[in-house]
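Asks: build me a model from this:
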Amino acid sequence: MSTTTCLMPKMALIVALGAACSPQADSFSRNLRKSEGALQCAKAAQAEASPLAALHLHLAQEQLLEAKRLYQAGKLQQAQSLLSRAEVDAQLALALVQEVAARAEADELTDRLVDLHAHVKGSATAEDDSTSDGDEVAP
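Replies: All right, here's what the predicted structure looks like:
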């Protein structure tokens, strides 16, 4: 066995350790945390309850898993790209859930406003009826 063959595994280990401590690895870790955080926010907001939000949540989860696999395979750029997509899909899932909640709240407020308007109009009509019974109200 030659010295070169013996050094190959050691060199691979040194390269792997160097890559793990590189700025790219730090960037990947930071982006991974951001993507995972966005995913947790979407889950906490119950993105599974909305079909479209659930789709984007699922896409984010799949992209996150694939990004980890690519990173371990040494394909950092592709992994970073998928992490970005995962974060955006998770954020979109959250936004879609928030939109559903905002629409529901707006619909509820609209219904309350219609009811209030009908009540006020009904009161005004009843007032008009009581004054039109032949009793003129002096100015």
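Asks: for residue 42, helix, strand, or coil?
Replies: Classification of residue 42 using DSSP: H, G, I helix; E, B strand; the rest coil returns helix.
Asks: my guess is it contacts residue 94. True?
Replies: Yes - if you go by CB atoms under 8 Å, residue 42 and residue 94 touch, sitting 4.4 Å apart. Backbone N, C-alpha and C define where each C-beta goes, glycine included.
Asks: of these two, which one has the most company?
Replies: Set residue 42 next to residue 94 and count neighbours by other CB atoms under 10 Å: residue 42 wins out with 27 against 23.
Asks: now the more buried one: how far from residue 63?
Replies: 13 Å (CB to CB, to the nearest Å).
Asks: kindly list the longest helix within the chain.
Replies: With residue count as the measure and DSSP state H as the assignment, the chain has helix 76-131 as its longest helix.
Asks: now for that one, which elements pack on it?
Replies: Other elements packing on helix 76-131 under the criterion 3 or more CB pairs under 8 Å, 6 or more residues apart in numbering; DSSP states H and E are helix 23-44, helix 51-72.
Asks: run through who's touching the last one.
Replies: Applying CB atoms under 8 Å, 6 or more residues apart in numbering, the set of residues contacting helix 51-72 from outside is 28, 32, 35-36, 38-39, 42-43, 47-48, 76, 78-80, 82-83, 85-87, 89-90, 92-94, 96-97, 100.
Asks: pull the distance from it to the chain's centre.
Replies: Between the centre of helix 51-72 and the centre of its chain there are 12 Å (CA atoms, centre = their mean, to the nearest Å).
Asks: that helix: which residues count as buried?
Replies: 53-54, 56-57, 59-61, 63-64, 66-67, 70-71 (16 or more other CB atoms under 10 Å).
Asks: hmm, back to that, just the buried members of the contacts of helix 51-72?
Replies: Looking at the contacts of helix 51-72 with 16+ other CB under 10 Å, the buried ones turn out to be 28, 32, 35-36, 38-39, 42-43, 47, 76, 79-80, 82-83, 85-87, 89-90, 92-94, 96-97, 100.
Asks: mean pLDDT lowest where, among the helices and strands packed on helix 76-131?
Replies: Ranked by mean pLDDT, the helices and strands packed on helix 76-131 end with helix 23-44 at the bottom, a mean of 91.
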